[in-house]
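Asks: build me a structure from this.
(chains A and B)
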Number of protein chains: 2
Amino acid sequence: MKNIIVKELYRKIDQYSNKNIRISGWVRTVRSSNAFGFIEINDGSFFKNIQIVFEKDLDNFKEISKIAISSSLSIEGTVVLTPEAKQPFEIHAKNITIEGDSTVDYPLQKKRHTLEYLRTIAHLRPRSNTFSAVFRVRSLAAFAIHKFFRDRDFVYVNTPIITGSDCEGAGEMFKLTTLDLNGVPKDDNGKVDYTKDFFGKETNLTVSGQLSAETFALAFRNVYTFGPTFRAENSNTARHAAEFWMIEPEIAFADLNDDMALAEDMVKYIIKYVMKNAPEEMEFFNKFIDKTLFDRLQNVVNSDFGKITYTEAIDILKKSNEKFQYEVKWGIDLQTEHERYLTEKVFKKPLFVTDYPKDIKAFYMRMNDDNKTVAAADLLVPGVGEIIGGSQREERLDILEYRMEELGLNKEDYWWYLELRKYGETKHAGFGLGFERIIMYITGMTNIRDVIPFPRTTGSAEF
Amino acid sequence: MKNIIVKELYRKIDQYSNKNIRISGWVRTVRSSNAFGFIEINDGSFFKNIQIVFEKDLDNFKEISKIAISSSLSIEGTVVLTPEAKQPFEIHAKNITIEGDSTVDYPLQKKRHTLEYLRTIAHLRPRSNTFSAVFRVRSLAAFAIHKFFRDRDFVYVNTPIITGSDCEGAGEMFKLTTLDLNGVPKDDNGKVDYTKDFFGKETNLTVSGQLSAETFALAFRNVYTFGPTFRAENSNTARHAAEFWMIEPEIAFADLNDDMALAEDMVKYIIKYVMKNAPEEMEFFNKFIDKTLFDRLQNVVNSDFGKITYTEAIDILKKSNEKFQYEVKWGIDLQTEHERYLTEKVFKKPLFVTDYPKDIKAFYMRMNDDNKTVAAADLLVPGVGEIIGGSQREERLDILEYRMEELGLNKEDYWWYLELRKYGETKHAGFGLGFERIIMYITGMTNIRDVIPFPRTTGSAEF
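Replies: This next block holds a predicted model:
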């Protein structure tokens, strides 16, 4: 008899009604009397448990009655619809096999645990309701992203993780080496001799796939990356991790408006896909994690995103009566308090802020005609602030070189990036969405450590 | 007027016939007389070019007539079906805008280039026919993999890239650090003081997500990883890269037979998906890269994969009259020559070899009752040899601990992995497929450097 997953049973319950099936999972609860008992099992394929009814004619009735939580079982039995009960059906067991038992010191007993405690058992927390839901939603959101781009004929490009260049022209990076750190080889000047290293030069972990993605956009027109990126920033906040996944589309023959339209479509698509494909998980989040969740997500899906320039945003903030911690004046980087005020209080919906001062943005962003601002667009959403950063890229070789000189970047390191501007350049644009940020937004979870399987943060690389 | 992609035009040509459209792309060829001319453009969304016909009533007729290869153009014109010509339709241009011109020193002129040369211009090679096809197929194969698992309700898990543990219990790894290599801090014993490093301990880049994936399989039943993995091996071959992507499913309540069935289904699915969704690219590969390609792939899709044990394989090899470079005897690691003989000459189809000697396999593979072999299964395919390595995992805590002691592994480093065997363990299995290996197999490309956008190999991390 084929062993089926719980999701399959829920999906085709009519077909399985009164049939004998085989199913497996981990024990969530047990209740029993001398004559019969109930076990709820969960196999992780679906949010809901399945109720197993067993009676004392089972050979191992005694053992099963006392089975420890988290033990793994395989059950053969009959599917019985129970239209009057809490659960829509149950399994009347004919045979229960204990695949692996558990112990009373199982660290995830049925009681309320703090999220902090659960992080210390990251190998077991996916078995809890919350994390089971988070990681299924994460998986579905990843698929939604791939499907969104596939439906639009985007080419998925795996940009390199190991890099000799630093995309942002700044950023704290992890160095990568095979040198023996107990005796680092030195050159004649007493500096590290990287010619002895694996790649024969200094290398780092990527902070963004954008520059590489641009080379592909200028061959395939529409491309995207979706992979891990790294920041060695010493910022111990709920929103920063040293390792996180990022989605970076890059589109050619496209300007900043095309870029914003793509970002808006994508965000709405992901939310709708998850709402449709994980309704049980989403209800759980809305009930137990963030009671404003559905309202917030519906607002995103149903709004036409707003658009204002940075200069307009500064004006609005200045004229407001709000007390901000950080002073508002033209030229500042918007802080989360400013972003949230704009999107929550003023626009009450997602909002693109465009055309930021060049001095607070990266070298590759396209210079506007005013010579003061660049064609950047950040997407702000209620409840969070910035969730996407994008821009039209500088396609004019002379201006790009001027900007690199201004910022002290070494043009030789970017020879291939500059060559894109010589051989059939065209206007193009792109953006970056932090995958964990959108998962936090969709689930209501407020710490990045709780939406990534095994978080890496300052001082912590456990498991 | 909306700017459409070439793929869209080919897909819905009937709908666009005689309509005015706007399209963009890069010049592949130009021919012109005094009165009219032809340009073929390609926008990377599709393998085929589009022919643009232009006449001298264009304002910029002279410029367009002399346009350099790789220049980017946007064209407005009418779609005209040409049932008697080589190409099914052409665009009669009303207006052509030069988005970005190119120069005569464009490094990818229309002539035959060696693959070695093209690697030196990895930022431009996606614009060649071969690499345009390779990277679209790579993108489609990635989507096929996600879809295969999504259709089966597998949970996609992003296992960590930065790790404190070494999955294979061996393997040469890249170290990761934020320490200043010019002055590495030392502890009282003169050793590197990792407490000063970013994570407060020694960390490496992952060589496999398997151990982490197992924790998720024991919560979600069926999971898979698909992400970058790293080997700091000094092997300068056509099949090894320091950075490559790997697919690693892990299934609970499943044994080695379930594992092999999954691998067989997956390989067939990927091939069928690519054949169906990239027929032009596949014809190109079959014609210009490997004339045996279609036969080879059809054979994979249409065969029931064979199965023999390692011990049987050794017997067959011993009894054969083939001269092998490496001696055949029980206990050896099978070499590519042995693998290819078995799959190409003996079975003439894909073949699982199972139950390898424990001494040549990893500590986590399940010990068979003979105490000599483990429940491993490698998939060998004609033309290549091994393409997948899998196993049932050792779920019995005492035997797993015994194996780790035998191999001198530090059990404390694996405390969380061992705990999985205490709290509701069950039989489970999984395998690893090198993504670049399957792309090589599907395209006929013979060097891993030519199926990954920006290859990282010993001594080379360019771009």
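
Asks: helices of chain A, start to end?
Replies: Remark: helices assigned in chain A by DSSP state H are A:6-11, A:13-16, A:61-65, A:115-119, A:129-151, A:210-220, A:256-277, A:279-284, A:293-302, A:310-319, A:336-340, A:397-406, A:415-419, A:435-443.

Asks: contacts for the fourth one, please.
Replies: Applying Cβ atoms under 8 Å, 6 or more residues apart in numbering or on different chains, the set of residues contacting helix A:115-119 from outside is A:108, A:125, A:128, A:130-131, A:447, A:449-450, A:455. Backbone N, C-alpha and C define where each C-beta goes, glycine included.

Asks: of all those, which comes closest to residue B:423?
Replies: Among the contacts of helix A:115-119, residue A:108 lies closest to residue B:423 (Cβ to Cβ), at 8.0 Å.

Asks: list the contacts for the closest one?
Replies: Counted by Cβ under 8 Å, 6+ apart, residue A:108 has contacts A:69-70, A:118, A:121, A:124-125, A:127-128.

Asks: got it, and residue A:270?
Replies: A:141, A:144-145, A:148, A:438, A:442.

Asks: poorly predicted segments of chain A, please.
Replies: Scanning chain A with the threshold set as pLDDT under 70 gives A:165-171.

Asks: how close does residue A:108 get to residue B:442?
Replies: From residue A:108 over to residue B:442 the distance is 43 Å, taken as Cβ to Cβ, to the nearest Å.

Asks: residue A:395: which of the contacts of residue A:108 is nearest?
Replies: Among the contacts of residue A:108, and counting by Cβ to Cβ, the member closest to residue A:395 is residue A:125, at 46.6 Å.

Asks: hmm, residue A:142 is touching residue B:156, no?
Replies: Yes: Residue A:142 lies in contact with residue B:156 (Cβ atoms under 8 Å); the separation is 5.2 Å.

Asks: list residues touching both of the two?
Replies: By Cβ under 8 Å, 6+ apart, the residues touching both residue A:142 and residue B:156 are residue B:146.

Asks: buried residues, stretch A:232-239. List them.
Replies: Buried residues in stretch A:232-239, counting neighbours by 16 or more other Cβ atoms under 10 Å in any protein chain shown, are found at A:232-233, A:239.

Asks: what's near enough to touch residue A:366?
Replies: Contacts of residue A:366 (Cβ under 8 Å, 6+ apart): A:256, A:374-375, A:391-395, A:427.

Asks: now, which of these lie close to chain B?
Replies: Restricting the contacts of residue A:366 to those touching chain B (Cβ under 8 Å from any Cβ of the partner chain) yields A:395, A:427.

Asks: of the contacts of residue A:270 - the most surrounded one?
Replies: When neighbours are counted by other Cβ atoms under 10 Å in any protein chain shown, residue A:442 leads those with 27 neighbours.

Asks: enumerate the residues of the stretch 251-400 of chain A near chain B.
Replies: So far as Cβ under 8 Å from any Cβ goes, the stretch 251-400 of chain A lies against chain B at A:252-253, A:395.

Asks: how about the strands in the stretch 301-450 of chain A?
Replies: A:306-309, A:351-357, A:373-381, A:385-392, A:428-434 (DSSP state E, counting those that start in this stretch).

Asks: which helices and strands does the last one pack with?
Replies: Okay, so that is strand A:428-434. Packing partners of strand A:428-434 (3 or more Cβ pairs under 8 Å, 6 or more residues apart in numbering or on different chains; DSSP states H and E): helix A:210-220, strand A:243-252, helix A:256-277, strand A:373-381, strand A:385-392.

Asks: deepest-packed of those, please.
Replies: helix A:210-220 (a mean of 27; mean count of other Cβ atoms under 10 Å in any protein chain shown).

Asks: next one: it to chain centre, how far?
Replies: Distance of helix A:210-220 from the chain centroid (Cα atoms, centre = their mean, to the nearest Å) equals 23 Å.

Asks: give me the angle between that helix and strand A:385-392.
Replies: With axes from the mean of the first three to the mean of the last three Cα atoms, to 10 degrees defining the directions, helix A:210-220 sits at 50 degrees from strand A:385-392.

Asks: quick one: list the elements packing against helix A:210-220.
Replies: strand A:222-230, strand A:243-252, helix A:415-419, strand A:428-434, helix B:129-151.

Asks: do the shortest one and chain B come into contact?
Replies: Which is helix A:415-419. Yes: under the criterion of Cβ under 8 Å from any Cβ, helix A:415-419 makes contact with chain B via A:416-417, A:419.

Asks: make CSV from those residues and add neighbour count to it.
Replies: Shown next, in CSV, are the residues of helix A:415-419 next to chain B (neighbours: other Cβ atoms under 10 Å in any protein chain shown):
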residue, neighbour count
A:416, 19
A:417, 22
A:419, 17
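
Asks: from these, which is closest to residue B:172?
Replies: For those, the nearest to residue B:172 is residue A:416 (29.0 Å; Cβ to Cβ).

Asks: the closest one reaches residue B:125, doesn't it?
Replies: No: in this structure, residue A:416 is not within contact of residue B:125 by Cβ under 8 Å, at 11.2 Å.

Asks: burial count for residue A:319?
Replies: 9.

Asks: out of the helices and strands packed on helix A:210-220, nearest to residue A:4?
Replies: The nearest among these, by Cβ to Cβ, is helix B:129-151 at 14.9 Å.

Asks: what angle do that closest one and helix B:256-277 make?
Replies: 130 degrees.

Asks: give the buried residues for helix B:129-151.
Replies: Result for helix B:129-151 [16+ other Cβ under 10 Å]: buried residues B:130-150.

Asks: now stretch A:33-52
Replies: Applying 16+ other Cβ under 10 Å to stretch A:33-52 flags A:37, A:39-47, A:49-52 as buried.
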